[in-house]
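Following is a predicted model, sequence given first.
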Amino acid sequence: MYAFEYQRPATLADAVAALTRSEDARPLSGGMTLLPTLKQRLAQPSELVDLSGVPDLQGVREEDGALLIGAFTRHADVAAGETVRRRIPALARLAESIGDRQVRNRGTLGGSIANADPAADYPAAVVALNATVRTDRREIAGDDFFTGLFETALEPGELVVGVRFPVPDAAAYAKFRHPASRYALVGVFVARFGAEVRLAVTGAGPSVFRVPEMETALASDFRPEAIAGITVDADGLNGDIHAAPDYRAHLVTVMARRAVAACG
Amino acid sequence: MACTITLTVNGKAVTREVEERTLLVHFLREHLGLTGTHVGCDTSQCGACVVHVDGRSVKSCTMLAVQAADCAVTTIEGLAPADGTLHPMQEAFREHHGLQCGFCTPGMVMSAVDLVTDNPDPSEAEVREGLEGNICRCTGYHNIVKAVLAGAQAMRSADTEAAAAAE
């Protein structure tokens, strides 16, 4: 690991100031991607700004019928949190399926979405639940937040403060896990809000995406059979030693059907 | 650059100067001489380095020592009581031959204790799921799972006895 400076600010303002002061400073949240990256010397930040001491980034609360989850909330706390389990159980189960126990004990919601790994689980929930990402300076709609492979709408120095998740009438997440890493080869999150259905896919493409044709079909008939014949184009999907693009395209329909079935 | 950190390790307060980039596992092994915590991979996958930080299992190779400042860390050396007997989970690993070469064992035991603390009566499937972050290259999982189930039962009995003694 290359040398860097380190600080643990106690307020959001101090954290943002530290990140703005130096363009090579990086925020450190759970560190589950950043620290392995540093260990491999694949990044060389001048300074790490540890967010663990900032109270504004912590906790889960209900707000106007939605759930506001602080960016620093760890996966284990989303998974076990009484409020999340009661209001959006699919989100708690998604958090419980991330990585392994030790990753869930450290990794955070804000870190995961800011990193925007194409195989991360949370992006599917952020988009399907029509969530809003709150930063230190503005609100960003979930649909606009993820812009590409490891790319988000965040500006340099901009920090995710929390995510506001509207509570759906029904929701479920189904993923086909890579057997070793537990990352999603394909993960589908489906959410129904009254007559509207939103469905988002992670793992399959460079970034999370919705499947409007499935959403329309499910809006008029919310059953797995309604989307059995709908497939996504394999062009542009991810291909690697684990799964070719056409296999991932096939998995999208299978996981979407499973997610709808799991809504009960 | 270096900074001074204070933390609790196995119940004792420790203050040391460390480089910012020092990993917690290297701090434990090289600064404190607690070599029971192992390094088995360079990629945060194997779990040989699992310790408890504020009661939760973490991979100490994927955490900086400075991040553990003001925290309470428990390593495998701090698990057994001072009287020289083994922790019930360690005893279960010995009894059920839950190790072959033993390299992964400290991490396995620390993960298992955390798992059972959260879920005192896990099913076999829950134990296997709960040990996802720990790799054993002797392929000894079968006996490890048996050991964790037995260790969980022993920890439940110990809790019951402690509760009875308290009444």
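That came in fine, so what should we check first? Numbers count the residues shown, from 1 in each chain, chains lettered A, B, ... in the order given.

Surely B:Phe27 is within a helix?
Yes - assessed with DSSP: H, G, I helix; E, B strand; the rest coil, B:Phe27 lies in a helix.

show me the contacts for it.
B:16, B:18, B:65, B:68 (Cβ atoms under 8 Å, 6 or more residues apart in numbering or on different chains). C-beta coordinates here come from the backbone N, C-alpha and C atoms, glycine included.

and the gap between the first one and B:Glu77?
Per Cβ to Cβ, to the nearest Å, B:Arg16 is found 17 Å from B:Glu77.

Point me to the residue of chain A nearest chain B.
Closest residue of chain A to chain B, Cβ to the nearest Cβ: A:Asp100 (3.1 Å).

Now do that residue against B:Ile135, distance only.
Distance from A:Asp100 to B:Ile135, by Cβ to Cβ: 10 Å.

still on that earlier bit, closest to A:Ala76 out of the contacts of B:Phe27?
Taking Cβ to Cβ as the measure, A:Ala76 lies nearest B:Ala68 of these, at 17.4 Å.

I'd assumed B:Val25 was in contact with the closest one.
No - applying Cβ atoms under 8 Å, one finds B:Ala68 not in contact with B:Val25, separated by 10.6 Å.

What residue spans form the domains of chain A?
Here the domain parsing of chain A from automatic domain parsing is A:1-48, A:170-262.

Reduced to three states, what does the residue nearest the centre of chain B come out as?
What sits nearest the mean C-alpha location of chain B, by Cα atoms, centre = their mean, is B:Met110, with 2.2 Å. Under three-state DSSP, the three-state class of B:Met110 is helix.

Counting neighbours, what do you get for the residue of chain A closest to chain B?
21 (other Cβ atoms under 10 Å in any protein chain shown).

same check, this time on A:Arg21
By other Cβ under 10 Å, 12 other residues sit near A:Arg21.

before we move on, back to that, torsion angles phi and psi at the nearest residue to the residue nearest to the centre of chain B once chain neighbours are set aside?
Nearest in space to B:Met110, with sequence neighbours left out and distances taken as Cβ to Cβ, 6 or more residues apart in numbering or on different chains, is B:Val50 at 4.4 Å. Backbone geometry at B:Val50, expressed as degrees, to the nearest 10, gives phi -70, psi 130.

Could you report the distance from B:Val50 to A:Met1?
For B:Val50, the distance to A:Met1 equals 20 Å [Cβ to Cβ].

A:Thr37 too?
For A:Thr37, the distance to A:Met1 - Cβ to Cβ - is 10 Å.

likewise B:Glu91?
Using Cβ to Cβ, B:Glu91 is found at 38 Å from A:Met1.

What residues does chain B have near chain A?
For chain B, the residues in contact with chain A (Cβ under 8 Å from any Cβ of the partner chain) are B:1, B:3, B:19-21, B:23, B:42-44, B:47, B:50, B:56-59, B:61-64, B:66-67, B:69, B:111, B:114-115, B:130, B:132-133.

swap the cut-off to 7 Å and go again
Proximity of chain B to chain A (Cβ under 7 Å from any Cβ of the partner chain) is limited to residues B:1, B:3, B:20-21, B:42-44, B:47, B:50, B:56-59, B:62-63, B:66-67, B:111, B:115, B:130, B:132-133.

Give me the neighbour count for B:Cys101.
Residues near B:Cys101, counting by other Cβ under 10 Å: 10.

any idea whether it is helix, strand or coil?
B:Cys101 ends up coil, using three-state DSSP.

Right, and chain A sits closest to which residue of chain B?
Residue of chain B nearest chain A, by Cβ to the nearest Cβ: B:Gly133 (3.1 Å).

residue contacts, the residue nearest to B:Met110?
By Cβ atoms under 7 Å, 6 or more residues apart in numbering or on different chains, the contact list for B:Val50 reads A:102, B:57-59, B:107, B:110-111, B:134.

Which members of those residues are the farthest-apart pair?
Farthest pair in these (Cβ to Cβ) is B:Val58 and B:Asn134. Separation: 12.5 Å.

Quick check: bridge partners of the closest residue in space to A:Glu5 that isn't next to it in sequence?
In space, and not counting its chain neighbours, A:Glu5 is closest to A:Glu47: 4.3 Å by Cβ to Cβ, 6+ apart. Beta bridges link A:Glu47 to A:Glu5, A:Ala25 when assigned by DSSP bridges.

any idea how far A:Glu47 is from A:Ala17?
Note on A:Glu47: its distance to A:Ala17, by Cβ to Cβ, is 12 Å.

so after the longest strand along chain A, what's the next helix or strand?
If you go by DSSP state E, chain A has its longest strand at strand A:184-193. Proceeding N to C from strand A:184-193, the next assigned helix or strand is strand A:196-202, under DSSP states H and E.

Tell me which other helices or strands that following strand touches.
On a contact count with 3 or more Cβ pairs under 7 Å, 6 or more residues apart in numbering or on different chains; DSSP states H and E, strand A:196-202 meets helix A:122-128, strand A:184-193, strand A:209-210, helix A:212-220.

Work out the sheet partners of that strand and label each with its direction, please.
Checking strand A:196-202 against DSSP bridges gives partners strand A:184-193 (antiparallel), strand A:209-210 (antiparallel).

Perfect, that will be all.
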